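Trainee: coordinates only, sequence not included:
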């Protein structure tokens, strides 16, 4: 009986010590409010000025530097008991991630291929509602200066007992 209780407890504790994704080992969480404010302003500028030409594609041969991960949104377990999510992490200097690793990362989430969009606003519109085409999908859109944003939104607004809107964005710079 002790083993039946001990084993699940060990598995739960082990899961909390593990990073959330394979990309997290390349990141450092930012806690200084001034740095967070500065870096979020940078991301806002990048997102407000997307690339107008064709999308930058992630190919197995491409090499990417992970610049940022930004997680935002909210979660509500009971009506009127909402908490907000806002966490920023910056990439370790000089980290290089292969296109193959990024494509495998998406497959880890049971998504066969990446979706590409030329408009970050459209990505938001097509992912916010339940059943929206981009809800629960990794979508890439190109930014200026050979940068891309890999965005994942999972939302379940207006649920009976639980509602949420979780957005995770990874920002990359093309290296070659």
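Mentor: Here it is on my side, so go on. Bear in mind the structure is a predicted one, so any value in this text is a computation, not a measurement.
Trainee: neighbours of residue 62, how many?
Mentor: Applying other Cβ atoms under 10 Å, we find 19 residues neighbouring residue 62. In short, each C-beta sits where N, CA and C put it, glycine included.
Trainee: would you report the backbone torsion angles of the closest residue in space to it that isn't next to it in sequence?
Mentor: Leaving aside its chain neighbours, residue 62 sits nearest to residue 99 (3.7 Å; criterion: Cβ to Cβ, 6 or more residues apart in numbering). When read as degrees, to the nearest 10, the backbone of residue 99 gives phi -60, psi -40.
Trainee: per-residue pLDDT, residue 99?
Mentor: Here, the pLDDT recorded for residue 99 equals 91.
Trainee: wait, it touches residue 60, no?
Mentor: Yes: Residue 99 is in contact with residue 60 according to Cβ atoms under 8 Å; the separation is 5.0 Å.
Trainee: could you find the closest non-adjacent residue to residue 101?
Mentor: residue 22 is the one closest to residue 101 (Cβ to Cβ, 6+ apart), at 7.2 Å.
Trainee: one step back: for the residue nearest to residue 62, give its distance to residue 71.
Mentor: Residue 99 sits 23 Å away from residue 71, going by Cβ to Cβ, to the nearest Å.
Trainee: check residue 49 too.
Mentor: Residue 49 is 22 Å from residue 71, by Cβ to Cβ.
Trainee: the more surrounded of these two?
Mentor: Between residue 49 and residue 71, counted using other Cβ under 10 Å, the more crowded position is residue 71 (16 against 12).
Trainee: chain neighbours aside, what residue packs nearest to that one?
Mentor: That would be residue 87: by Cβ to Cβ, 6+ apart, it lies 4.6 Å from residue 71.
Trainee: give me the element that neighbour is part of.
Mentor: strand 82-91 (DSSP states H and E).
Trainee: check residue 72 too.
Mentor: strand 63-76.
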